[in-house]
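**Q** The sequence and its predicted three-dimensional model are supplied below.
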Amino acid sequence: MDALSIEVAESFKEALWKVEKDRDLEPMIQVLSEDCEVGNVAIPQTFQGHDGAREFWTSYRKTFDDMESTFRNVFADGEGHAALEWETEGTSDGDPVSYAGVSILEIEGDKVKRFMAYFDSSALSRQVVS
């Protein structure tokens, strides 16, 4: 197991919790490389660099009133990859929301170069009214 990849994955989790609880994007931006790519299966485009990451995480956070992710598993290989299995619960427009998925991190040095989340986007869209 790659200790640095696990350490970066743990930093990513802490940064995500700051986004969720405090709407504070800066810890997340600090975890991401300057040339990062972020996205998820619900959005057809990916977002590039710190400006793109700010746009992505701001939009993601606006989807929910309150939210909290819990992590069931975190895996890392010795080649700069980590996978996080999670469940997120919260509310959107006062209604309960719950969905689960997996996020893949590509890690370069001590930063996340690429983040992609995979989940059943149709199940989430049925719960979140835009």
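**A** Perfect, I can see it now. Numbering: from 1, shown residues only.

**Q** For the closest residue to Ser121 other than its chain neighbours, grab the count of nearby residues.
**A** When the adjacent residues along the chain are set aside, Ser121 lies closest to Ala42, with 3.9 Å between them (Cβ to Cβ, 6 or more residues apart in numbering). Glycine gets a C-beta too; all of them are placed from N, C-alpha and C. Counted by other Cβ atoms under 10 Å, the residues lying close to Ala42 total 17.

**Q** cool, Leu16 as well?
**A** Leu16 is surrounded by 24 other residues when neighbours are defined as other Cβ under 10 Å.

**Q** wait, it sits on Ser69?
**A** Yes - distance between Leu16 and Ser69: 6.1 Å, which falls inside the contact criterion (Cβ atoms under 8 Å).

**Q** bridging residues for Tyr118?
**A** Counting by DSSP bridges, Tyr118 is bridged to Val102.

**Q** measure it to Leu124 for me?
**A** Going from Tyr118 to Leu124 by Cβ to Cβ, to the nearest Å gives 12 Å.

**Q** Name the residue in these two with the higher neighbour count.
**A** Summary of the neighbour comparison: Tyr118 and Leu124, criterion other Cβ under 10 Å, with Leu124 having more neighbours (20 against 13).

**Q** who's in contact with the more buried one?
**A** Shown in contact with Leu124 (Cβ atoms under 8 Å, 6 or more residues apart in numbering): Ala42, Val97, Tyr99.

**Q** Mean confidence (pLDDT) on the helix or strand encompassing it, please.
**A** Counting by DSSP states H and E, the element that carries Leu124 is helix 121-127. Looking at helix 121-127 alone, the average pLDDT works out to 70.

**Q** quick revisit: so what does the residue nearest to Ser121 have for phi and psi?
**A** Note on Ala42: its backbone torsions stand at phi -80, psi -10 [degrees, to the nearest 10].

**Q** Surely it touches Asp120?
**A** No - with contact defined as Cβ under 8 Å, Ala42 does not count as touching Asp120 (9.5 Å).

**Q** thinking again about what came up before, columns distance to Glu79 and pLDDT on top of the contacts of Leu124, output as JSON lines?
**A** Rendered in JSON lines, the data for these read as follows (distance: Cβ to Cβ, whole Å; pLDDT from 0 to 100):
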{"residue": "Ala42", "distance to Glu79": "28", "pLDDT": "89"}
{"residue": "Val97", "distance to Glu79": "35", "pLDDT": "91"}
{"residue": "Tyr99", "distance to Glu79": "29", "pLDDT": "93"}
